[in-house]
Each structure stands twice: as C-alpha cells, then as structure tokens.
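K.L.:
mind looking at a prediction? Sequence and model below.
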Amino acid sequence: MAIYNERKIKGVLAGIPEIPDKYTRKKKRPRELAQVVEPNCTGCEVCIPFCPVDCIEVEPAEKWPGRAIPPVRIRYDECIGCVICVRVCEKLAWDAIVMRPTDAIEREERIVIHETFTPDGR
C-alpha cells in the first residue's frame, strides 16, 4: 500500500517545477504574460512561492467583499512570462492562471508593459 501511495504522489507531482532562484530584474518585454482568471482562483496562493520575480500577490480583501478568500493578482510590469505559475496552478490548483499576449493585456487593461523592470526603480 505504501509503495502505491508513493507512486501516486510522484505521479501527481511530476511536471511541477522546483521553486526557482529569484531574479532581480526583468531583461526584456515578454510576448505573453500570465493572467489570473479571477472566478477560477481560490486564493490558495500555491503559485506565489514559485514566481521567480515575486510578481504574484493576494488581492486586497476589501476589493472582494463577497469572497471569503480573495484571488491572487499578477503585477504585469514585473512578469517575465516564464509560465511557471501556469504549470503550478494546473497541477496543484484550479487552472486559474493562463498565458495571454502582452499586447492584448495592454489594450484591455489600458496599461503599458515596459521593456525592463527593476524593483528599485533604476
């Protein structure tokens, strides 16, 4: 029984990336960005430690008064488009993060995604 459970656990965890080393800056504007599908997001926060640039955070609870746990959000200007959060969410949670073209997100959100980003503003 223990061997079966171990194989089952290894099967579930196959394909989940390891938590990466953290980057300190974005080097180029990605063609695609990660975007949270808010109705699918349970707010479990499983994606947060896997983000190599720490651009995923929990939404403020006051923005979501009808939900016990608010969803996460992605700070688009910091996202490097690495797809790690998408893979983690599809394996461990609810497929609540998808990759979308950067141009489409800029149009929809009326924002500009910059070529580079540095946490200290340089």
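P.N.:
Now that the structure is in, tell me what you want to look at. Numbers count the residues shown, from 1 in each chain.
K.L.:
C-alpha from now on. contacts and neighbour counts both.
P.N.:
Fine.
K.L.:
output the below-cut-off pLDDT ranges for this protein.
P.N.:
For the chain, the stretches flagged by pLDDT under 70 are 1-13, 15-17, 19-20, 24-25, 118-122.
K.L.:
that one: strands as residue ranges?
P.N.:
32-36, 56-58, 72-74, 97-101 (DSSP state E).
K.L.:
give the contact list for the residue nearest the centre of the chain.
P.N.:
For the chain, the residue nearest the mean C-alpha position is Cys85 (3.9 Å; CA atoms, centre = their mean). Taking CA atoms under 8 Å, 6 or more residues apart in numbering, we find Cys85 in contact with Ala34, Cys47, Ile48, Phe50, Cys51, Ile97.
K.L.:
so who does the second one touch?
P.N.:
When contacts are counted by CA under 8 Å, 6+ apart, Cys47 touches Ile56, Cys85, Val88, Cys89.
K.L.:
so which of these is the most crowded?
P.N.:
Greatest neighbour count in the contacts of Cys47, by other CA atoms under 10 Å, goes to Cys85: 28 neighbours.
K.L.:
about what we covered before: in a markdown table: the strands of the chain, plus distance to Ile80.
P.N.:
Formatted as a markdown table, the strands of the chain follow (distance: least, CA to CA, whole Å):
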| stretch | distance to Ile80 |
| --- | --- |
| strand 32-36 | 7 |
| strand 56-58 | 12 |
| strand 72-74 | 11 |
| strand 97-101 | 11 |
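K.L.:
so which of these gets nearest Ile113?
P.N.:
Nearest to Ile113, of all those, is strand 32-36, at 9.7 Å by CA to CA.
K.L.:
show me the contacts for the closest residue to Pro52 other than its chain neighbours.
P.N.:
Using CA to CA, 6 or more residues apart in numbering and skipping the chain neighbours, the partner closest in space to Pro52 is Lys22 (4.4 Å). Contact analysis of Lys22 by CA under 8 Å, 6+ apart lists Cys51, Pro52, Val53, Asp54.
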